[in-house]
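Participant: Sharing a model that was predicted from the sequence below.
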Amino acid sequence: MSRVEHAEQAMALFKEGYNCAQAVVGAFCDETGLDFETAIKLSSSFGGGMGRLREVCGAVSGMFMVSGLMYGYSDPLNRKLRVEHYELIQALAKQFEEKNGSIICRELLGLSSTTNRLISEPRKGEHNKKRSCLEIVGQAAEMIDELIKNK
C-alpha cells in the first residue's frame, strides 16, 4: 500500500469503530506481517489514551507498535540496538508533538486536566475540540509511511 492508502485504511478502520491504536496497527498488517485479528487484539488496550485513561494518544501508541514490529530490537543484551530504537521512538514522538502540540490524548482533545481520567462513556464527538481523532489517525499512518520510505 502507498502512503495515502495506509492513511485511508487507518481512517476507514477508525470509522468502522476500531479505536485509534487499532486503526493504525490494523492498517499496517501488510508491512508488519501480523494477521489482522492479532493486530487488532494487540492494540485494543491502547485506545482512548490507554483504556480511556486519556494518557498517551492511541494513534501514537499504534505508531510506536508498528515501529517496534518493523524496526524494534529483540536481543535484550544489544544495548546499541535498544538505544537506536528508543531514539527512533523519541523522534516520532517529537515529530507528532510538533505537529499537534502534545502526544497526550486529553490535551489533544482539549479536555481539562481536572477532567476525570477514567472516562467510561464512548466518544460522542464533543471532546474533539482541538484535532479530530480521525485526522490524527490518518496523520499517524502517514508518519509511519514516511519512516518506512526513509529507512
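Facilitator: All right, it came through fine.
Participant: how about the longest helix along the chain: buried residues?
Facilitator: The helix of greatest length in the chain, counted in residues with DSSP state H as the criterion, is given as helix 79-100. Within helix 79-100, the residues that qualify as buried are 85, 88, 89, 92, 93, 96, 97, 100, counting by 16 or more other Cβ atoms under 10 Å. Where you see a C-beta, it was placed from the backbone N, CA and C, and this is true even at glycine.
Participant: Kindly report the same for stretch 100-114.
Facilitator: For stretch 100-114, the neighbour count (16+ other Cβ under 10 Å) marks 100, 102, 103, 104, 105, 106, 107, 108, 109, 111 as buried.
Participant: The residue nearest in space to the middle of the chain: what's it in contact with?
Facilitator: Residue closest to the average C-alpha location in the chain (Cα atoms, centre = their mean): residue 59, at 2.2 Å. If a contact means Cβ atoms under 8 Å, 6 or more residues apart in numbering, then residue 59 has 20, 21, 23, 24, 133, 136, 137, 139, 140 as its contacts.
Participant: What is the nearest of these to residue 51?
Facilitator: The shortest gap between residue 51 and any of the contacts of residue 59 belongs to residue 21, at 10.3 Å (Cβ to Cβ).
Participant: which SSE is that closest one in?
Facilitator: Residue 21 belongs to helix 20-27 when elements are defined using DSSP states H and E.
Participant: can I get the CA coordinates of that helix in PDB?
Facilitator: These are the backbone C-alpha positions of helix 20-27, laid out as PDB (Å, rounded to 0.1, in the frame of the first residue of the first chain):
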ATOM      1  CA  CYS A  20      -7.300   4.900  17.300                       C
ATOM      2  CA  ALA A  21      -4.500   2.400  18.100                       C
ATOM      3  CA  GLN A  22      -6.300  -0.500  16.400                       C
ATOM      4  CA  ALA A  23      -6.800   1.700  13.300                       C
ATOM      5  CA  VAL A  24      -3.200   2.500  12.900                       C
ATOM      6  CA  VAL A  25      -1.800  -1.000  13.700                       C
ATOM      7  CA  GLY A  26      -4.500  -2.700  11.600                       C
ATOM      8  CA  ALA A  27      -3.700  -0.600   8.600                       C
END
